[in-house]
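Asker: sequence first, predicted model second:
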Amino acid sequence: MISVIICSVDRDALALVKDNIRSTIGVEHEIVAIDNLGTGKGICEVYNEGTALARYDILCFMHEDVVILTKDWGRKVKAIFDDATVGLLGVAGSTCRSLTPSGWFPPSEYGTAPWRLNMIQGSKYNNAGQKTDYFNPANEKLSRVACVDGVWFCTIKNIARLVKFDSDLLKGFHGYDIDYSLGVSNSHQVMVTFDILLRHESEGNFDITWLKEIIKVQNKYKDQLPVSYDPLALPDFENLERKASNRFLRENIKKKELSNNELSKVLSMYFQKNQIGLLRYIKFLFKIVLR
């Protein structure tokens, strides 16, 4: 029924998550764990390998530093995919996807209104303890979103055969979840469930490597961005987009972590999508060249 696919770099963590899956999933399953320690492969390549090896119709991609707390979660996943319009299911996501690069969550200008999230977040690196994050403003069991977080998500094999993880574009371990969400959303609905709770032991790493990968994804899907599935929550969507784009350019021109070419691509993307006018385009272009 469900093939659970894991990109593993830690044998001890893998052993723990295997035990957790077996004791909670509640349906026939297999665990396709691919040892990626020291191979040099990115997660997209590994996930495509796992997809090819999977025997069951539902595929679940998850990190190995996860503890699933909901019993019989496999039955819940199966019931959701009985609706043929659903193509991707996660436990954290956003109802909108900005043109401005970000994680699964939108830029700071949007606040938390677009968040759809039910997860216990640990802090392996910051030692800040754990917290329960729950954002469900409409009190839904399922929320339609633009993208989901890669900590845990499920799809079906027929979709996975058509929508591949883009190993040509993304060589590392960032951006794959956004890329996959936007790919699936072209034909199916992307959803967040509030009926499955998990604990993620480590927090994300949003460094410059991450940002560069996200920019690649944004450029790939610029023709379908920005997008929002909850317009009533964001009545000022266009203005928020303009604010986010201007702030992103100002911050990253100053930081000098992105190359001129990388930043110019973002600037061109904003101009092509009418988020900045010609005069501001020229102004920002001069700042990029002269910094």
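Answerer: Good, I have the coordinates.
Asker: shaky segments in the stretch 1-150 of the chain?
Answerer: 124-126 (pLDDT under 70).
Asker: so where do the strands sit in it?
Answerer: With DSSP state E, counting those that start in this stretch as the criterion, the stretch 1-150 of the chain has strands at 2-8, 29-35, 58-62, 66-68, 86-90, 92-94, 96-97, 115-121, 131-135, 142-145, 147-148.
Asker: so which of the ones you listed is nearest Ile282?
Answerer: strand 96-97 (27.6 Å; CB to CB). C-betas here are computed from N, CA, C, even on glycine.
Asker: sheet partners, orientation included, of the closest one?
Answerer: Strand 96-97 has the following strand partners under DSSP bridges: strand 227-228 (antiparallel).
Asker: other residues contacting the strand it pairs with?
Answerer: The contact list for strand 227-228 (CB atoms under 8 Å, 6 or more residues apart in numbering) reads Thr95, Cys96, Arg97, Pro114, Ala146, Ser185, Leu234, Phe237.
Asker: what is the burial count for the second one?
Answerer: For Cys96, the neighbour count with other CB atoms under 10 Å is 26.
Asker: bridge partners for it, pull those for me.
Answerer: With DSSP bridges as the rule, Cys96 is bridged to Ser228.
Asker: any idea how far Ser228 is from it?
Answerer: Cys96 sits at a distance of 4 Å from Ser228 (criterion: CB to CB, to the nearest Å).
Asker: tell me, what's touching those two both at once?
Answerer: Joint contacts of Cys96 and Ser228 (CB under 8 Å, 6+ apart) are Pro114, Ala146, Leu234, Phe237.
Asker: which residues are in contact with the last one?
Answerer: With contacts defined as CB under 8 Å, 6+ apart, the neighbours of Phe237 are Cys96, Pro226, Ser228, Pro231.
Asker: now swap in the third one and tell me
Answerer: Shown here is Leu234, whose contacts under the criterion CB under 8 Å, 6+ apart are Cys96, Tyr110, Ala113, Pro114, Ser228, Leu240.
Asker: can you tell me how far it sits from Phe194?
Answerer: Distance from Leu234 to Phe194, by CB to CB: 21 Å.
Asker: do Ser259 as well
Answerer: Counting by CB to CB - Ser259 and Phe194 are separated by 41 Å.
Asker: those two: who's more crowded?
Answerer: Using other CB under 10 Å, the more surrounded residue of Ser259 and Phe194 is Phe194, with 17 against 11.
Asker: what's the pLDDT at the more buried one?
Answerer: With respect to pLDDT, Phe194 scores 98.
Asker: can you get me the start-to-end distance on stretch 161-180?
Answerer: End-to-end distance for stretch 161-180, by CA to CA, to the nearest Å: 12 Å.
Asker: gap between it and the chain center?
Answerer: 10 Å (CA atoms, centre = their mean, to the nearest Å).
Asker: just to revisit the earlier point, of the shared contacts of Cys96 and Ser228, which is the nearest to Val77?
Answerer: Ala146 (20.5 Å).
Asker: surely the closest one meets Ser181?
Answerer: Yes. The criterion here is CB atoms under 8 Å, and Ala146 meets it with Ser181 at 6.8 Å.
Asker: show me the common contact partners of those two, please.
Answerer: Common neighbours of Ala146 and Ser181 (CB under 8 Å, 6+ apart) are Gly93, Val190.
Asker: which strands or helices does the host helix or strand of Glu262 pack on?
Answerer: For Glu262, the host element (DSSP states H and E) is helix 260-272. Judged by 3 or more CB pairs under 8 Å, 6 or more residues apart in numbering; DSSP states H and E, helix 260-272 is in contact with helix 208-220, helix 237-255, helix 278-290.
Asker: among those, which comes closest to Tyr47?
Answerer: Once the helices and strands packed on helix 260-272 are compared by CB to CB, helix 208-220 is nearest, at 14.8 Å.
Asker: in contact with Ile80, which residues?
Answerer: Contacts of Ile80 were listed using CB under 8 Å, 6+ apart, and they are Val86, Leu89, Leu142, Met191, Thr193.
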